[in-house]
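1. Here is my input; please provide its structure:
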Amino acid sequence: MNKFDKIKLFCRKFRIAIGVILILVGYFTGIVWFYLGILPLLAGVINFCPLCIISKKCTI
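-> Numbers count the residues shown, from 1 in each chain. This next block holds a predicted model:
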């Protein structure tokens, strides 16, 4: 496992957490811009890593 694979594992959890937090903030504050948290949430759920696409060094 190279360093990019480790980053990919961390980033997936991080994106899911950030997405959920942003959606919850939007829900409780009523500010609709926080619902953009769906983007990092979906990226984490479908395991999409922009760093891996750019670097082409992560394994699938």
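
2. looking at the chain, which helix or strand does the model trust least?
-> helix 50-55 (a mean of 74; mean pLDDT, DSSP states H and E).

3. Next, the buried residues of that helix.
-> Residues of helix 50-55 classed as buried: residue 52 (neighbour count, 16 or more other Cβ atoms under 10 Å). The C-beta positions use only the backbone N, C-alpha and C, and glycine is treated the same way.

4. List the contacts of the residue nearest the centre of the chain.
-> Centroid-nearest residue in the chain, with Cα atoms, centre = their mean: residue 15, separated by 2.2 Å. By Cβ atoms under 8 Å, 6 or more residues apart in numbering, residue 15 lies in contact with 40, 41, 43, 44.

5. For the residues you listed, which ChimeraX command selects only the ones that are buried?
-> Selecting only the buried entries of the contacts of residue 15 in ChimeraX, with 16+ other Cβ under 10 Å as the criterion:
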select :40,41,43,44
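
6. Tell me the one of the contacts of residue 15 nearest residue 28?
-> Taking Cβ to Cβ as the measure, residue 41 is the one of those closest to residue 28, at 16.5 Å.

7. Break down this structure into its helices, ranges please.
-> Assigned by DSSP state H, the helices in the chain fall at 3-29, 38-45, 50-55.

8. Give me the mean pLDDT for the longest one.
-> Okay, so that is helix 3-29. Mean pLDDT, helix 3-29: 87.

9. Please report phi then psi for residue 46.
-> Dihedral pair for residue 46: phi -90, psi 0, per degrees, to the nearest 10.

10. Repeat that for residue 31.
-> phi -90, psi 120.
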